[in-house]
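Trainee: turn this into a structure:
(2 chains)
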Number of protein chains: 2
Amino acid sequence: MISAPDLISQTRCFDGTLGFYKHFSSSCRSEMKFSVYQPPQAIASPVPVLYYLSGLTCTEENVMAKSGVQQYAAEQGLMLVASDTSPRDTGIPGETDDWDFGIGAGFYVDAIAEPWSQHYQMYSYVVNELPALIAAHFPVLPDRQGIFGHSMGGHGALVCALKNRDRYRSVSAFAPICAPMRCPWGQKAFTHYLGNDKTQWHTYDASELVLTASFPGSILIDQGGADQFLNNQLMPDVFEQACKTAGQSLILRRQAGYDHSYYFIATFIADHVRHHAIALYA
Amino acid sequence: MISAPDLISQTRCFDGTLGFYKHFSSSCRSEMKFSVYQPPQAIASPVPVLYYLSGLTCTEENVMAKSGVQQYAAEQGLMLVASDTSPRDTGIPGETDDWDFGIGAGFYVDAIAEPWSQHYQMYSYVVNELPALIAAHFPVLPDRQGIFGHSMGGHGALVCALKNRDRYRSVSAFAPICAPMRCPWGQKAFTHYLGNDKTQWHTYDASELVLTASFPGSILIDQGGADQFLNNQLMPDVFEQACKTAGQSLILRRQAGYDHSYYFIATFIADHVRHHAIALYA
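Mentor: Sure, this is the predicted structure:
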């Protein structure tokens, strides 16, 4: 029996309902927040569910406030769920010191190094706990799940999908951190959350995972050509090469002139929602 | 010769360009900021221009970050300009004391009472100074202008249009303050900005103005039925009755379940942009 989350606030949007919730997470052993957009179709019968993972510093609110995604979820009849990017206020020393590590920067891994392992279990939270809660308390078809995300959340979406092809039918990403083992953001996070044993790092790096665990169907990625993080942090070329080596189908769209912001996401999110809807309603 | 504004930042969005600018305003005798979305059509030739006025506490950023309006401006070929809601950091004592008065709450009037009259000249800024600057430095058709806004900015849009039917070809509003003389927000602002002479107040109250100065074509208003400010601050019924008395064409849509937020605006802004595009391209 999974406890119902507490409703914090609720707003009507594109003929559906956007709700913000909190609950006690057993994975993270702390309070977690998330948001759910229920499209109008969900009143009549359960619908497929699309998970969104945000980037560094974001919360469960950003994609709902800034991307315009509700319009397309309402068109396509998809439930949309956005998690927070980390536990908060856990009391772990230093969790607020950096904007790219700790709070707002859980990197969607299960930490195994102390002290982070006590609370930072975002992989289990996103893959297991949150979907079980959603299935228990919202009108979804839990065997029809997709996942997407932005930047750190794009990394998270790719990793969750590649490790769980039985649980997700579709995956896409905006400007994902494609090779975290090779970039400063990823190296910092993995060192602290996972320790120095790099065999652990491989299990959360999409460009490594795809070599041994392909995803059925195409992976869709949009990457802005004017993104300030493109070459030193995101490295889509590495993932593209790995997909080629592995025979993984990839649609990598380089969008000239676009940066790393939600204005970039808003421009292309309609295509992403349709990509998921095609797979989730197949 | 009107000086060019300084570009603060620029972002690609829906195949057009979103820019944030600052300049010294001669009307307000202070620095002012504004944002401009240039649709892709503006590269080839000048386009009509649609002004957006924000509500209390907002800046030139809110509508660009939260409403999704760029998508529709790009579809319809309209330049979109959003001003700030007041001068800032003028040094007038008390300007930061209240969230509903002073900074972020200029109410789009020309203040005549001291000390506010020194800087708070938002009516002249929005109607005269900003359009002259836009016409001088952006590819617009300055004789094809529309105006819309939200809440305090909806009030501003109605007042600017009713007082200047020769300058605006179209007007619409989301949850506007329809009768500021009769509501607490308006009474507070008008007392401080305009003084106690209520004949001055009439010149900035849409429900009074429409009795003597009708607008050609229909005014479009969307109002959420679950808006917490509906009855005590917004009073669309008063404006509806005044329009009926005056023979002013009004499309007032009461949207059941919607609140006062940008989620409400995002849901209906496509209709507003189309309403303006029809008039501006006629």
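Trainee: where exactly do the strands run in the stretch 1-150 of chain A?
Mentor: According to DSSP state E, counting those that start in this stretch, the stretch 1-150 of chain A carries its strands in the segments A:6-13, A:16-25, A:30-38, A:47-53, A:79-83, A:140-150.
Trainee: enumerate the positions of the second one that are buried.
Mentor: Of the residues in strand A:16-25, those with enough neighbours to count as buried (16 or more other Cβ atoms under 10 Å in any protein chain shown) are A:16-21, A:23, A:25. For the C-beta atoms, the positions are set from N, CA and C on the backbone; glycine is no exception.
Trainee: over to the first one?
Mentor: Taking 16+ other Cβ under 10 Å as the basis for neighbour counts, the residues of strand A:6-13 that come out buried are A:11-13.
Trainee: okay, A:Q71: pLDDT?
Mentor: Among the per-residue scores, A:Q71 holds a pLDDT of 98.
Trainee: circling back: the buried residues of strand A:16-25: which ones sit near chain B?
Mentor: Under the cut-off given by Cβ under 8 Å from any Cβ of the partner chain, chain B has A:L18 from the buried residues of strand A:16-25 close to it.
Trainee: how about the buried residues of strand A:16-25 in JSON lines, adding pLDDT?
Mentor: Formatted as JSON lines, the entries for the buried residues of strand A:16-25 read as follows, by pLDDT from 0 to 100:
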{"residue": "A:G16", "pLDDT": "98"}
{"residue": "A:T17", "pLDDT": "98"}
{"residue": "A:L18", "pLDDT": "98"}
{"residue": "A:G19", "pLDDT": "98"}
{"residue": "A:F20", "pLDDT": "98"}
{"residue": "A:Y21", "pLDDT": "98"}
{"residue": "A:H23", "pLDDT": "98"}
{"residue": "A:S25", "pLDDT": "98"}
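Trainee: next, format the buried residues of strand A:16-25 as TSV and append distance to A:S117.
Mentor: Conversion of the buried residues of strand A:16-25 to TSV gives the following (distance: Cβ to Cβ, whole Å):
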residue	distance to A:S117
A:G16	38
A:T17	36
A:L18	33
A:G19	31
A:F20	28
A:Y21	26
A:H23	21
A:S25	15
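Trainee: count of residues packed around A:T191?
Mentor: Each residue near A:T191 was counted by other Cβ atoms under 10 Å in any protein chain shown, and the total is 14.
Trainee: got a list of what A:T90 touches?
Mentor: For A:T90, the contacting residues are A:28-30, A:118-120, by Cβ atoms under 8 Å, 6 or more residues apart in numbering or on different chains.
Trainee: now A:G186: closest residue in space, sequence neighbours ignored.
Mentor: Leaving aside its chain neighbours, A:G186 sits nearest to A:P180 (2.5 Å; criterion: Cβ to Cβ, 6 or more residues apart in numbering or on different chains).
Trainee: who are the neighbours in contact with the residue nearest the centre of chain A?
Mentor: The structure's chain A has its C-alpha centroid closest to A:L53; by Cα atoms, centre = their mean the separation is 2.4 Å. With Cβ under 8 Å, 6+ apart as the criterion, the residues that contact A:L53 are A:82-83, A:85, A:108, A:126, A:147-150, A:152-154, A:156-157, A:160.
Trainee: does chain B have contacts with the longest helix anywhere in chain A?
Mentor: Of all the elements of type helix in chain A, the one with the most residues (DSSP state H) is helix A:262-280. Yes: Helix A:262-280 lies in contact with chain B when judged by Cβ under 8 Å from any Cβ; the contacting residues are A:262-264, A:266-267.
Trainee: how about stretch A:38-49?
Mentor: No: interface with chain B: stretch A:38-49 contributes nothing (Cβ under 8 Å from any Cβ), its closest point being 11.3 Å away.
Trainee: distance between the ends of that stretch?
Mentor: Between the opening and closing residues of stretch A:38-49 lies a distance of 9 Å (Cα to Cα, to the nearest Å).
Trainee: distance of the residue nearest to the centre of chain A from A:F148?
Mentor: Using Cβ to Cβ, to the nearest Å, one obtains 7 Å as the distance from A:L53 to A:F148.
Trainee: repeat for A:D205
Mentor: 18 Å.
Trainee: between those two, who's got more neighbours?
Mentor: A count of neighbours by other Cβ under 10 Å puts A:F148 above the other of A:D205 and A:F148, at 31 against 26.
Trainee: near chain B, which residues of the stretch 1-150 of chain A show up?
Mentor: Residues of the stretch 1-150 of chain A that fall close to chain B, judged by Cβ under 8 Å from any Cβ: A:11-15, A:18, A:64-66, A:68, A:70-71.
Trainee: many thanks, I have nothing further to ask.
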